[in-house]
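**Q** With the sequence up front, the predicted model follows.
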Amino acid sequence: MGTVRRMLDHVREAAEIARGRRREHLDTDRLLNPGLVRLFHTVGEAATRVPEEFRAQRPAVAWRDTSDMRNRLVHACDTIKFDIVRSVIQDGLPQLIEQWESILREDPEDAPRAGKSPRTTDATTNHP
């Protein structure tokens, strides 16, 4: 399974988890909040591994915003603004789903295959 397909799966999962939830649930649901943050983290990390050439061919896709959100969630986890997270859920996820579905319609085999970044390790072998 390719990178874009996995990203799409995670974004769809986030949308499904958030469906029917209100903004205040992000403050009170002890599983919703970390679950969504983890999915956004995973998607953002994957976005950084999509080859630059592939991203450049699709400038309308929010590649940078996706990876930037990951960075903010990971490095500023104690100051997350859940109004922004809710806005991304409502406005950003449907757009990403549409864009990534379009990419997969163009190339069902999901080129590109992401290369490993220098900071990524293979969890099955514990080797970089």
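**A** Nice, thanks for sending it over. Numbers count the residues shown, from 1 in each chain.

**Q** Near Arg49, how many residues? Count them for me, please.
**A** Residues near Arg49, counting by other Cβ atoms under 10 Å, number 16. C-beta here means a position set from N, CA and C on the backbone, and glycine is covered the same way.

**Q** shouldn't it be in contact with Thr3?
**A** Yes. Shown here, Arg49 and Thr3 form a contact pair, counting by Cβ atoms under 8 Å, at 6.2 Å.

**Q** which residues of the protein score low on pLDDT?
**A** For the chain, the stretches flagged by pLDDT under 70 are 1, 76-79, 108-128.

**Q** Okay, helices next: where are they in it?
**A** 3-18, 23-28, 32-48, 52-56, 63-75, 82-87, 93-106 (DSSP state H).

**Q** In TSV: the ones you listed, plus mean neighbour count.
**A** Output for the helices of the chain, formatted as TSV (neighbours: other Cβ atoms under 10 Å):
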stretch	mean neighbour count
helix 3-18	19
helix 23-28	12
helix 32-48	19
helix 52-56	11
helix 63-75	16
helix 82-87	15
helix 93-106	15
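
**Q** need the contact list for Arg58.
**A** Going by Cβ atoms under 8 Å, 6 or more residues apart in numbering, Arg58 touches Gln99, Ile103.

**Q** what's the distance between it and Arg70?
**A** 19 Å (Cβ to Cβ, to the nearest Å).

**Q** next one: Pro59
**A** 20 Å.

**Q** Now do the same contact list for the nearest residue to Ile89 once chain neighbours are set aside.
**A** Using Cβ to Cβ, 6 or more residues apart in numbering and skipping the chain neighbours, the partner closest in space to Ile89 is Ala18 (4.6 Å). By Cβ under 8 Å, 6+ apart, the contact set of Ala18 is Leu32, Leu36, Ile89, Leu93.

**Q** And stretch 8-28, end to end?
**A** Across stretch 8-28, the terminal residues are separated by 27 Å (Cα to Cα, to the nearest Å).

**Q** chain center to that stretch: distance?
**A** Computed by Cα atoms, centre = their mean, to the nearest Å, the chain-centroid distance of stretch 8-28 equals 13 Å.
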